[in-house]
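Peer 1: Got a predicted structure here, sequence first:
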Amino acid sequence: MRTETTSAPTFRYAAVTFDCPDPAELARFYGDALGLPTAYSSDDFVMLGQAGAAGLGFNRLADYRPPTWPAPSQEKQAHLEVGVDDLDAAQARLLALGAVEPAVQPQPDRWRVLLDPAGHPFCITTLV
């Protein structure tokens, strides 16, 4: 009887990628906000990240339609949570970089919902 042992492949989180109309613009926003350098860039895709760490990708989608949060007509499907030590200062910085503040703020004393330049909702959350 022959017994073989095979090891399972190794998996690691590499990146999350956002569809958008302009990858360079969205990469500039997140690169400035999170202090991430450009690891790869083409006309249709930009990847931000540090060597050996997970990154953020931005993919051009010709018929991109931004989420309509909180209205459900175009669902958000996913969003980033960014930890900050000062909600007001972080919000001011992100708005200066091009984020937009929607009217709906479910718990503004704990977290703030903002929209990136392509309309993706993301949250800034106080570090606990």
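Peer 2: Right, received. Where do you want to start?
Peer 1: Mind telling me which residue is nearest the centre of this protein?
Peer 2: The centroid of the chain falls nearest to Leu80 when counting by CA atoms, centre = their mean (5.0 Å).
Peer 1: what bridges to that residue?
Peer 2: Under DSSP bridges, the beta-bridge partners of Leu80 are Phe122.
Peer 1: my read: it touches Cys123, true?
Peer 2: Yes - if you go by CB atoms under 8 Å, Leu80 and Cys123 touch, sitting 7.3 Å apart. Heads up, the C-betas are built off the backbone N, CA and C, glycines and all.
Peer 1: Assumed Arg112 was part of a strand.
Peer 2: Yes - counting by DSSP: H, G, I helix; E, B strand; the rest coil, Arg112 is found in a strand.
Peer 1: Kindly report the domain assignment for this protein.
Peer 2: The record's domain parsing of the chain by automatic domain parsing lists 13-64, 79-128.
Peer 1: Just put those in CSV and tack on mean pLDDT.
Peer 2: Below are those laid out as CSV (pLDDT from 0 to 100):
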stretch, mean pLDDT
domain 13-64, 94
domain 79-128, 92
